[in-house]
Structure formats: C-alpha cells, structure tokens
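Visitor: sequence and computational prediction follow.
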Amino acid sequence: MTVIADAKRRVVLSPVKPGDRFDVQLSANGKLVLTPLIPDERPNQVKLVRKHGYLVAVSSRPITQAQTRAYLDEFP
C-alpha cells in the first residue's frame, strides 16, 4: 500500500479506525514501522470519596508504593 502525506503531514490508512493507537519507530534508513497498541481491556475507574475528613481518589486498579513515589518525584 502506498500513501501520501498532505500539507499537514497527515496520512490516511484505510484499514484503520478513528481512535486506533500505534507505536511509531523510525529506523536508520528512514523506514517507519507502525505497531498497533492493544487497548487495556478494562478502563481505570477513579472516584473521589471522603476518608477521615480527606478527599481521596479510589481507583479500580491497585497502585504500589513505588509507583506513588515515582509520581510524587515527577510532581513539580
């Protein structure tokens, strides 16, 4: 299949649906490789609840202490 980019550097692929996500890798010889990303089977459900007088986010997926520390280290 041959596709042509428009002036805004967009390319249309006929077998792709809107919202599909891809990992793009550019090789040394200028070749682009698109790898479809498989969506997570269950979306993360987050709700805000009050616990001991504090507003806390409760998630449907568990988060480890190491992940929490990494997120806090990135926070400005």
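Guide: Structure's in. What do you need? Numbering: from 1, shown residues only.

Visitor: pull the distance from stretch 15-30 to the chain's centre.
Guide: Relative to its chain's centre, stretch 15-30 lies at 14 Å (CA atoms, centre = their mean, to the nearest Å).

Visitor: can you tell me what sits against that stretch?
Guide: 32, 33, 34, 35, 36, 37, 39 (CB atoms under 8 Å, 6 or more residues apart in numbering). The way it works is simple: take the backbone N, C-alpha and C, and place the C-beta from them, glycine included.

Visitor: out of the residues you listed, who's the most crowded?
Guide: residue 34 (13 neighbours; other CB atoms under 10 Å).

Visitor: ok, for it, nearest residue in space, not its chain neighbours?
Guide: Nearest-residue entry for residue 34: residue 22, 4.4 Å, with adjacent residues in sequence omitted and distances by CB to CB, 6 or more residues apart in numbering.

Visitor: how deep is residue 22 tucked in, by neighbour count?
Guide: Around residue 22 there are 13 residues (other CB under 10 Å).

Visitor: equivalent analysis for the one 4 residues further on, please.
Guide: Residues lying near residue 26 (other CB under 10 Å) number 9.

Visitor: next, it: phi, psi?
Guide: Phi and psi for residue 26, reported as degrees, to the nearest 10, are phi -110, psi 120.

Visitor: so how far is residue 48 from it?
Guide: 41 Å (CB to CB, to the nearest Å).

Visitor: likewise residue 11?
Guide: Taken as CB to CB, the span from residue 11 to residue 48 is 40 Å.

Visitor: please apply the same query to residue 37.
Guide: From residue 37 to residue 48 the distance is 29 Å (CB to CB).

Visitor: next up, the contacts around the closest residue to residue 56 other than its chain neighbours.
Guide: Take residue 56 and drop its neighbours on the chain: the residue closest to it by CB to CB, 6+ apart is residue 49, 5.9 Å away. Applying CB under 8 Å, 6+ apart to residue 49 gives the contacts 55, 56, 58.
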